[in-house]
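Asker: Provided below for reference: sequence and predicted model.
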Amino acid sequence: MDCCGTKPAAPGGMAMPSMMQKMMEGTKEFNPVEMCQAMMTSVSKSAEMAAYATPEVRTLFEEWARSVEEEILTIVKAQGEMDLGQLAVRLKISPESALVFLGKLVRDGKVTISGIGPVKARAES
């Protein structure tokens, strides 16, 4: 635990997805202060990691990120409404990563999120 009583993120990972999941599930355990602290830790970690990246690596990452955003726009225009899990499967990335890209596209005014609801249980095969 850190000085604020929150658990640090796992090495190489972010604590935010589990808190976001708790928030989305409407659990009573959700603590917005804890979520904000975890987000600040993640931002600090990202800034620290960015200091080690060369300009060439940053440029390559930005190009990749733009291509993922373009792919999301192509998928959404072709299919219309879809859930986060479906989008993540199509992109071959985690739902948490897909959410990061969607958040940027929403901020840029390129897509809208029209609904938030509980996760539906998937039928076992």
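Answerer: Sure thing, it's come through.

Asker: stretch 47-65 - what's its average pLDDT?
Answerer: Mean pLDDT, stretch 47-65: 82.

Asker: how far does it stretch from start to finish?
Answerer: Criterion Cα to Cα, to the nearest Å; first-to-last residue distance in stretch 47-65 is 17 Å.

Asker: kindly report the same for stretch 78-97.
Answerer: Criterion Cα to Cα; first-to-last residue distance in stretch 78-97 is 21 Å.

Asker: next one: stretch 86-100
Answerer: Span of stretch 86-100 from end to end, Cα to Cα: 15 Å.

Asker: buried residues, that stretch. List them.
Answerer: Residues of stretch 86-100 classed as buried by neighbour count (16 or more other Cβ atoms under 10 Å): 87-88, 91, 95-96, 98-99. Bear in mind the C-beta positions are built from the backbone N, C-alpha and C, glycine included.

Asker: could you do stretch 66-78 as well?
Answerer: Those would be 68-69, 72, 76, for stretch 66-78 by 16+ other Cβ under 10 Å.

Asker: follow-up on the earlier one: which one of the buried residues of stretch 86-100 is nearest residue 118?
Answerer: Taking Cβ to Cβ as the measure, residue 118 lies nearest residue 95 of the buried residues of stretch 86-100, at 14.7 Å.

Asker: next one, pLDDT for the closest one please.
Answerer: 91.

Asker: contacts only, for it.
Answerer: Going by Cβ atoms under 8 Å, 6 or more residues apart in numbering, residue 95 touches 84-85, 87-88.

Asker: at 6 Å what do you get?
Answerer: 84-85, 88 (Cβ atoms under 6 Å, 6 or more residues apart in numbering).

Asker: skipping adjacent residues, who's closest to it in space?
Answerer: Leaving aside its chain neighbours, residue 95 sits nearest to residue 88 (4.4 Å; criterion: Cβ to Cβ, 6 or more residues apart in numbering).

Asker: so what touches the host helix or strand of the one you found?
Answerer: Using DSSP states H and E, residue 88 sits within helix 84-91. Contact partners of helix 84-91, identified using Cβ under 6 Å, 6+ apart, comprise 75, 95, 98.

Asker: from the contact counts, what lies against the helix of greatest length in the chain?
Answerer: As assigned by DSSP state H, the longest helix anywhere in the chain is helix 55-79. With contacts taken as 3 or more Cβ pairs under 6 Å, 6 or more residues apart in numbering; DSSP states H and E, helix 55-79 sits against helix 95-107.
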